Every structure is written in structure tokens, then in C-alpha cells.
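Novice: sequence and computational prediction follow.
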Amino acid sequence: MSLIKGLAGETVIYGVSNILSRILQYILLTPYLTYIFNGPNKDQYGIHGLMYAFAALLMVIFTFRMETAFFRFGAKQADRNQAFRSAALPLAIFTLLAMVMVYFSAEQIAGLLTRPEDSRFVQYFAGIIALDTLAALPFAKLRLEKQALRFVVIKVANVLITIFFTLFWLEACPRLIAAGHTGF
């Protein structure tokens with residue numbers, strides 16, 4: 001019974017933190033981005049939606065589900081570091097190579113998805129996917145080591161930092177540039 005209680009507790013902590021962080025991001029960013037892209041840039045909102053759909057699929061492919069393998073082979077404390085290294089190295093190499101290829105062929109990829117001049121969106125999302133892919137295994141390690149509080153704090157901090165930089169790049173920077181501040 002204690003095993004089931006422990007599993008239920010972990011499920012609640014990790015599940016709720018993931019759901020809460022996504023809800024927070026959705027509640028704060030969706031109305032704002034809808035407002036930003038309402039007007040002459042309306043078509044770019046659809047491009048972002050398309051990119052997010054591909055990002056979700058690519059995250060599954062790019063992680064190779066290594067975090068699941070890490071849970072299996074890193075379950076014993078003695079094997080944990082070796083399992084982490086064995087999963088992290090190919091994941092990092094593949095991510096780096098794939099992102100370099102995507103970055104330099106972004107115009108062709110954008111041409112297939114939308115139009116070639118949207119290549120910067122492909123490059124942005126390549127960076128986002130790379131960072132999320134590289135973060136998947138350390139998050140799995142936190143879960144395996146039962147560091148729930150650290151896991152939740154990092155997840156929520158990630159959302160808050162994302163919101164901050166979204167507002168910074170879309171609001172503060174254009175205003176600073178319009179006011180004549182071109183250097184930081």
C-alpha cells in the first residue's frame with residue numbers, strides 16, 4: 001500500500017507541476033500573443049501554431065525516449081551515473097548535429113512548411129527544441145532521485161523566465177529601439 005501511496009504522491013507532484021506550468025504559460029501568453037499578432041502580422045500567429053505542432057512531435061523523436069530508458073537502467077543507485085552518461089552523450093551529439101542541420105537549412109524547411117522568408121521561425125524553434133531535448137534527461141534524473149521540490153521550482157522558473165523574455169523581446173526591445181537605444 002505504501003508503494004501505491006508513494007507512486008500516487010509522485011504522480012501528483014510531477015503531474016500537477018507540469019500541468020500548472022503549462023496552464024500558467026497558456027493563461028499569461030496566449031491572450032498577449034493573440035493581441036500582438038492581431039493586425040498586419042495575423043498570418044504569423046498561424047505559423048507559430050504550426051511550429052508548436054511540429055515541436056511537440058519533434059521533441060518525442062529527438063529525445064529518443066532516453067529519459068524512459070534512464071528510468072529503467074538508472075533505477076539502481078550504483079548504475080545511475082553510468083546510465084545518465086550513456087543516455088546523455090548520444091542525445092547531446094544528435095541534438096547538436098540535428099540543430100546545426102536545421103539551422104542551416106531553415107530556409108528550405110520554411111519553404112516546405114510556409115514560405116522561405118519565415119526561416120527565422122524555424123531557427124528559433126530549432127533552438128527551443130534543442131534546449132528542451134537537452135533538459136529532458138536532467139529532469140528525469142531529478143525525478144529518479146526524488147527531488148520533487150527542485151523539479152517543481154525549475155519547471156515553474158522556466159515558465160516565468162519564458163514569459164519575462166517574451167515580454168522583453170516583444171515589448172521592451174521594440175520600444176527601446178524606437179526611442180533610439182540600439183545598444184545594451
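Specialist: Great, that's in hand. A quick note: this is a predicted structure, and the numbers were derived from the prediction, not measured.
Novice: using the three-state scheme, assign the residue nearest in space to the middle of the chain.
Specialist: By CA atoms, centre = their mean, the chain has its centre lying nearest to residue 132, at 3.8 Å. Under the three-state scheme (DSSP: H, G, I helix; E, B strand; the rest coil), residue 132 adopts helix.
Novice: show me how this structure divides into domains.
Specialist: 1-36+148-184, 42-146 (automatic domain parsing).
Novice: what distance separates stretch 74-93 from the centre of its chain?
Specialist: Offset of stretch 74-93 from its chain centre (CA atoms, centre = their mean, to the nearest Å): 21 Å.
Novice: I'd like the mean pLDDT over the longest helix seen in the chain, please.
Specialist: Secondary structure of the chain read by DSSP state H shows that its longest helix is helix 2-36. What helix 2-36 shows for mean pLDDT is 77.
Novice: same for it, what does it pack against?
Specialist: Contacts defined by 3 or more CB pairs under 8 Å, 6 or more residues apart in numbering; DSSP states H and E place helix 2-36 against helix 42-63, helix 148-167. C-beta here means a position set from N, CA and C on the backbone, and glycine is covered the same way.
Novice: looking at the ones you listed, which has the lowest confidence?
Specialist: helix 42-63 (a mean of 82).
Novice: next, the angle helix 2-36 makes with that one.
Specialist: Counting by axes from the mean of the first three to the mean of the last three CA atoms, to 10 degrees, helix 42-63 lies at 150 degrees to helix 2-36.
Novice: buried sites along the helix or strand that helix 42-63 is followed by?
Specialist: Per DSSP states H and E, the first helix or strand lying C-terminal to helix 42-63 is helix 66-73. For helix 66-73, burial by neighbour count (16 or more other CB atoms under 10 Å) applies to 66, 67, 69, 70.
Novice: need these in CSV (columns: distance to residue 121 and pLDDT).
Specialist: Output for those, formatted as CSV (distance: CB to CB, whole Å; pLDDT from 0 to 100):
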residue, distance to residue 121, pLDDT
66, 27, 90
67, 27, 89
69, 32, 90
70, 31, 93
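Novice: list just the nearest of those to residue 178.
Specialist: For the buried residues of helix 66-73, the residue nearest residue 178 by CB to CB is residue 67; the value is 43.7 Å.
Novice: and the residue lying closest to that closest one once chain neighbours are set aside, how many neighbours?
Specialist: Nearest non-adjacent residue to residue 67, counting by CB to CB, 6 or more residues apart in numbering: residue 140, 3.5 Å away. Residue 140 is flanked by 21 other residues according to other CB atoms under 10 Å.
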